[in-house]
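>>> everything below, folded, please.
(one chain, ligands or ions: 2)
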Amino acid sequence: MGMNEREQLRCLLQLTDDAEIKRLFADAYQEKLRHVGNKVFFRGLIELSNICVKDCYYCGIRKSNLNVSRYLMEEEEIVECALWAHQNRYGSIVLQSGERRDPLFADLIERVVQTIKSRTDGKLGITLSLGEQNEEVYKRWFDAGAHRFLLRIETSSKNLYGKLHPPDHDFEKRKNCLLSLKKIGYQIGTGVMIGLPMQTIDDLVNDLFFFKEIDADMIGMGPYLVSNNTPLTKEFENSIMDNDEIYILSLKMIAVARLFLKDINIAATTALQALKYFGREEGLKCGANIIMPNITLNKYREQYQLYNNKPCLDENADICKSCLSNRVSSIGEVIGYDEWGDSPHFSKTKKQQVS
Ligand code: SAH
Ligand code: SF4
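Ligands and ions are numbered 1, 2, ... in the order given. From the prediction side, this is the model:
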């Protein structure tokens, strides 16, 4: 009573009593059923390259990590993965990679998107997660047929952002990319890492307000996980939260995001599964409704490790598929096969614009 919204959110994220935490999760699940139902949408994730021009201090494939052997999938391999997703009735895919801003890369993505669109009769939905680009490139990829873009802000605290990145990585620039994407007509997904060194509960509360302000259609949040050979590890070995704590905090963020933002899509990320075998299913029970099964060709998976202990490294897309559908039915949810699964949030705003 009398608490403002900000205080309420802070309070929920700080719950320590098991019964209260359980109630938060149950409330969030009910809110999810009300707004988006019990249907889970799959977005097949294709990690098409680990070549990256950036040097984020937390990331395993940052440019300066010389222990990584770099790859770029063949165009035909990327298309084959996409066709596998389509044949297996996944409504959409995500093309993700390290960041490259050269014209050859822009051309490659444009061609690949066009090819996938034409070979699936325009049916397969395409989300891109390819980092910061100029507006012209974003527009070309949109015109080629991509309709969603995932670009995490990583943290909405400009100050913390500065500590997690080299000086030439710019918070405002990243935020402006989200605005450009929105303007062009993409459905935008953003998100943050949870449990970052130096991150406070107030930072997380501000993250939720950032999602609202930027009017995100999709949120992908997950725990920050240590990656060997990165600067963040060496510097903060002793100040990183323990895994159980980060895990619960991540689930709380999903739950609170569902209660606060209601009709958007929220992903249960692979990073959750890296901490707990049933992490993604628990994410679904706390309010998430999207899963991004990895459908990258096996031979590349090991080289795309953003953090330690990435799950399913030695599995292929077929195994992932049957494992996942069992997991989803085990918690009483259904899979939205052959559907794009746009968030009701996006569908509503679109209708408003048309009328
Ligand atoms: N290069 C693109 C897309 C690939 S990285 C980009 O940065 O947008 C995708 C996401 O992986 C990043 O947004 C970041 O949130 C996440 N990530 C990177 N390193 C991580 C780590 N150590 N723990 C958890 N998530 C990490
Ligand atoms: Fe590159 Fe993305 Fe990793 Fe940053 S988070 S180093 S941009 S792959």
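>>> does residue 41 touch residue 267 like I think?
No: with contact defined as CB atoms under 8 Å, residue 41 and residue 267 do not form a contacting pair (9.5 Å). From N, CA and C alone the C-beta is placed, and that goes for glycine too.
>>> for ligand 2, what are the nearby residues on the stretch 51-200 of the chain?
52, 54, 56, 59, 61, 62, 98, 99, 131 (CB under 6 Å from any ligand atom).
>>> my guess is the third one contacts residue 169. True?
I take that to be residue 56. Yes: taking contacts as CB under 8 Å, residue 56 lies within contact range of residue 169: 7.0 Å.
>>> mutual contacts of these two, please.
Taking CB atoms under 8 Å, 6 or more residues apart in numbering as the contact criterion, no residue touches both residue 56 and residue 169.
>>> which one of the residues of the stretch 51-200 of the chain next to ligand 2 is nearest residue 72?
Nearest to residue 72 out of these is residue 98 (CB to CB; 9.6 Å).
>>> once you drop chain neighbours, what's closest to residue 140?
residue 110 (5.4 Å; CB to CB, 6 or more residues apart in numbering).
>>> end to end on stretch 56-66, go ahead and measure it.
End-to-end span of stretch 56-66 (CA to CA, to the nearest Å): 14 Å.
>>> is ligand 1 contacted by it?
Yes: contact of stretch 56-66 with ligand 1 (CB under 6 Å from any ligand atom) involves 58, 59.
>>> going forward, the N-terminal residue is numbered 321.
In the new numbering, first residue 321, that becomes stretch 376-386.
>>> hmm, who's touching that stretch?
By CB under 8 Å, 6+ apart, stretch 376-386 touches 370, 372-375, 388, 418, 474, 484-486, 489, 513, 516, 544, 547-552, 623-628.
>>> residues from the chain in reach of ligand 1?
Contact residues, the chain versus ligand 1 (CB under 6 Å from any ligand atom): 378-379, 416, 418-419, 449, 451, 471-472, 474, 513, 542, 544-545, 547, 591, 626-627.
>>> residues in contact with residue 590?
The contact partners of residue 590, by CB under 8 Å, 6+ apart, come to 365, 542, 600, 612, 614, 630, 631, 632.
>>> mind listing the shared neighbours of residue 361 and residue 587?
In contact with both residue 361 and residue 587: 610, 611, using CB under 8 Å, 6+ apart.
>>> out of the contacts of residue 590, which is most surrounded?
Neighbour counts for those, by other CB atoms under 10 Å, peak at residue 542, which reaches 28 neighbours.
>>> and that residue, bridged to which residues?
Taking DSSP bridges, one obtains residue 513 as the residues bridged to residue 542.
>>> residue 569 is in contact with that one, correct?
No: using CB under 8 Å, residue 542 is not in contact with residue 569; the gap is 11.0 Å.
>>> name the residues contacting each of the two.
The contact sets of residue 542 and residue 569 overlap at residue 514 (CB under 8 Å, 6+ apart).
>>> how about stretch 436-455: buried residues?
Of the residues in stretch 436-455, 436-437, 440, 444-453 count as buried by neighbour count, 16 or more other CB atoms under 10 Å.
>>> can you check stretch 360-375 too?
In stretch 360-375, counting by 16+ other CB under 10 Å, buried: 360-372, 374-375.
>>> ok, back up a step: pull the most distant pair out of the contacts of residue 590.
Farthest apart among those by CB to CB are 542 and 632. That separation is 15.0 Å.
>>> more neighbours: residue 376 and residue 489, which one.
Set side by side, residue 376 and residue 489 show more neighbours around residue 376, with 21 against 17, by other CB under 10 Å.
>>> wait, isn't the residue nearest to residue 460 in contact with residue 458?
No: with contact defined as CB under 8 Å, residue 430 does not count as touching residue 458 (11.1 Å).
>>> tell me how far the longest strand anywhere in the chain lies from the chain's centre.
For the chain, the longest strand by residue count, based on DSSP state E, is strand 359-369. Centroid separation between strand 359-369 and its chain, computed with CA atoms, centre = their mean, to the nearest Å, is 10 Å.
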